[in-house]
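Colleague: A structural model of the following input is requested.
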Amino acid sequence: MQLLDTQENYSTLSQRHAKLIAEMAKARDNEAAVNHHEPSESADERISRSNSFAQAVEQVVLEYEKTIQSLEQSLSSTRTTLSNTETSLLEKETKCAYVETINTQLQARIAKLADREANTENYLHDLETKLDGHTSGEEKNAAIVLELRKEIARIRENEAGCEDYISTLEERLAEADQDAELMQREIDRLEQLIERQRSLGKLDNLLSELDNIQSGSKGAERESENTTNTNGHRRTFSERSTRSHVSRPSLGIRDQLPDVKEGAEEELAEHAANEEGEVLENGSGEKSTDSYEDQPQSPAQSRFVADKLENVTQELVDLRVEHENTLNEFESLHLKYEEAMKTLADLQDQVDEARHPKQNRDSVLSINVPEQTRPPSFLSDGKSPDAREGTISSLRSLSSELSSAMASPATTDAFDPDVLETPKGSQAKTFAVEDAAPNPQPTSDNVSDEIEKLKAIAVAKEAAEKELADKYAQLELQHQETLDMVEELKTAVAKAKYQDPPSPRSAGPVIRRKSSQNVMVIDRAHRSFASLRNIAADNFEGQPDVMQNFEVNLNAAMHELHARSERVQELEADIANAKREMETKMTIISGLTRERSSLKVSPMDMSVVASLREQLERNEEKLKQMQEAHSAREAELAAEIDTLRSSSSATSSEKTIDNARTVNGSDGTDQEQKITKLQAELATWESKHQAALDAMQSTEQQMRATIEQLEGEMATAKTTY
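Modeller: Numbering: from 1, shown residues only. Got it, this is the predicted structure:
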């Protein structure tokens, strides 16, 4: 407000000064004009005029003195306000220094709190990772245990299936041996029949030669009649002989052989058991009934047995399906072989029929056929390909001998005509054979090729059986290895499951129980019990009372073992839960101790105190420098004011003394220059004062903002902690 008043006074004075200067200029002009027009003025008028001018100038000077006094008063007031502002500035600077110290302290506390929060977050993150690791490890262990259990069940199923398959193979081998014996008996019977047929053929040949010799001297008509009679007699004799010796057993064999080849294996087993193995079946049945009597079992054993039975039944179904597939393939191959042999027999019959009309003799019995060109008979296919190499070699002799019997009309008439019919699809083959009829060697080659094929099939079968035995041995080795591997994996899983990681705050080592040893002991105990039961079944067959007592004691021991193992598992689970609870409590206690130790720490640090002291010293030095600058500036201003006062007094004296000079205008210019200087100095002082006020206001606003910020940080720190 004082500055505004001084500015208004200054503006009014400048206006008045301008008016006075204008009036003075007009007066001078008028006076000059008057002096120019009236040169004859007197000195009195001039003196009076100068006096009036001096009075006017005195009034102006008085007004200037008043304005200078008012300016001095305003300057003193500005000094007082400046001193007040300096004092307030010092107070605010001290407050700012104090606030800065508090701010640094608060920032240090905030940094500590941030560090503590980061440490707590890291600790929580570590705990979460450990917890995730525990959960994931338990899940992995559970998954591994389930997979191992599935693998054990599958291996047990495979073992049971292999045992069943081995038993079925042994039964099939026994049945095959029985079938081989039966077929050997049938072959012996057929060989006896062939020997009889051979003897009959020789007799027929001798009779035909006798008839030829007796009828050699007679004519053609008598010879033809005798030949027809002899043919009829011979045919009736051969028919009688074949009916009496050949037809009955051979037809019986032909009726039986397809049943042997194409029937089910159960019928063969029943047939062999009825003829030769009744005693063995009775003995084995008694043993099985004695060894597999129902014993009182625990629920764990019953569950184990039920699971094992399910696995065995599943494996048995799979093996039956595979067995049915192999049987179907074998039957298809056997049918193809039968069809080939039938077609060969039909072709040989057609070759014989085509060969007979070309002969000159009416009797077919007189033809001497070598043994190499005897056609194979379809009766040679009577034996199943399940027989051994000995039976195949006997089949070769049997087929060759039967072919000689088929070469005679008696044997050809004795066979079924339905069997010897040629199929429609083999007409091209019959024509090819009729063209090649004069050379009988390829038929024997075909027969030998077929026999070689049969031998190769038998050898392949033996090789397959050997390979099956080798595979079974390999399976046993693999099963043993898998059992060992399963035991090792069980131990590893149990160790991983019951091995708890050490807590970060645990003072000493924790004693842990090795549950893997319990699992291994239980498994070994089961195996030892099973081996003891088998040994007792082998040794105490004739002592049922001892066997029963042994079974009762063994079941009681197994029950006690299961009960103790379950109790041990429960105790281990309780121990694991207790360990987890202890670890959680230890973590809570460690966190509380950390919090207590952090609260006991002193909030201030020596380094912070030293930095605050240094800042205070710097601020004091700055204040001293500012005070010195202000005092120097005040001295300068006082000197300038003195100079102004002296200059104003000098101007007043000069005005009174040198009135004449004012007429010429030199005094007015000097005053104007002084006034302009004073106005410039006043403007500079006003600008400096305004700048100081603006700086003070800006610093005050900054200090208020910093104080508010620090108060907000303090409030947030109090709310958070």
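Colleague: what about the stretch 151-300 of the chain, any weak spots by pLDDT?
Modeller: 217-299 (pLDDT under 70).
Colleague: And the protein, split by domain according to the record?
Modeller: 150-283+301-476, 500-600 (automatic domain parsing).
Colleague: quick one: average pLDDT of the last one?
Modeller: What that stands for is domain 500-600. The average of the pLDDT scores along domain 500-600 is 73.
Colleague: Also stretch 114-130?
Modeller: 87.
Colleague: Make residue 1 into 51 and carry on from there
Modeller: That works, and once the first residue is 51, the last one we named lands at stretch 164-180.
Colleague: Pull out the C-alpha coordinates of it and format them as PDB.
Modeller: The C-alpha trace of stretch 164-180 is given here as PDB (Å, rounded to 0.1, in the frame of the first residue of the first chain):
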ATOM      1  CA  ALA A 164      10.800 -50.800   2.600                       C
ATOM      2  CA  ASP A 165      13.800 -53.000   3.200                       C
ATOM      3  CA  ARG A 166      11.900 -54.800   5.900                       C
ATOM      4  CA  GLU A 167       8.900 -55.200   3.700                       C
ATOM      5  CA  ALA A 168      11.100 -56.500   0.900                       C
ATOM      6  CA  ASN A 169      12.700 -59.000   3.300                       C
ATOM      7  CA  THR A 170       9.300 -60.200   4.500                       C
ATOM      8  CA  GLU A 171       8.100 -60.500   0.900                       C
ATOM      9  CA  ASN A 172      11.200 -62.500   0.000                       C
ATOM     10  CA  TYR A 173      10.700 -64.700   3.100                       C
ATOM     11  CA  LEU A 174       7.100 -65.300   2.100                       C
ATOM     12  CA  HIS A 175       8.100 -66.100  -1.400                       C
ATOM     13  CA  ASP A 176      10.600 -68.600  -0.200                       C
ATOM     14  CA  LEU A 177       8.000 -70.100   2.100                       C
ATOM     15  CA  GLU A 178       5.500 -70.300  -0.800                       C
ATOM     16  CA  THR A 179       8.100 -71.900  -3.100                       C
ATOM     17  CA  LYS A 180       8.900 -74.500  -0.300                       C
END
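Colleague: Just the buried residues of that stretch, please?
Modeller: Residues of stretch 164-180 include none that count as buried (16 or more other C-beta atoms under 10 Å). All C-beta spots, glycine's among them, are computed from the backbone N, C-alpha and C.
Colleague: and what of stretch 193-209?
Modeller: For stretch 193-209, the neighbour count (16+ other C-beta under 10 Å) marks Ile194, Leu198, Ile202, Ile205, Arg206, Glu207, Asn208, Glu209 as buried.
Colleague: wait, doesn't the third one sit right on Val536?
Modeller: Yes: counting by C-beta atoms under 8 Å, Ile202 sits close enough to Val536 to count as a contact (5.6 Å).
Colleague: Next, count neighbours for Glu664.
Modeller: For Glu664, the count of nearby residues is 10 (other C-beta atoms under 10 Å).
Colleague: longest helix of this structure?
Modeller: helix 93-264 (DSSP state H).
Colleague: all strands for this structure, in order.
Modeller: Counting by DSSP state E, the chain has no strands at all.
Colleague: Now do the contacts for the closest residue to Thr117 other than its chain neighbours.
Modeller: Leaving aside its chain neighbours, Thr117 sits nearest to Leu63 (5.3 Å; criterion: C-beta to C-beta, 6 or more residues apart in numbering). Leu63 makes contact with Glu113, Tyr114, Thr117 under the criterion C-beta atoms under 8 Å, 6 or more residues apart in numbering.
Colleague: try Glu684
Modeller: Glu684 is in contact with Arg129, counting by C-beta under 8 Å, 6+ apart.
Colleague: How much space separates it from Lys540?
Modeller: Distance from Glu684 to Lys540, counting by C-beta to C-beta, to the nearest Å: 100 Å.
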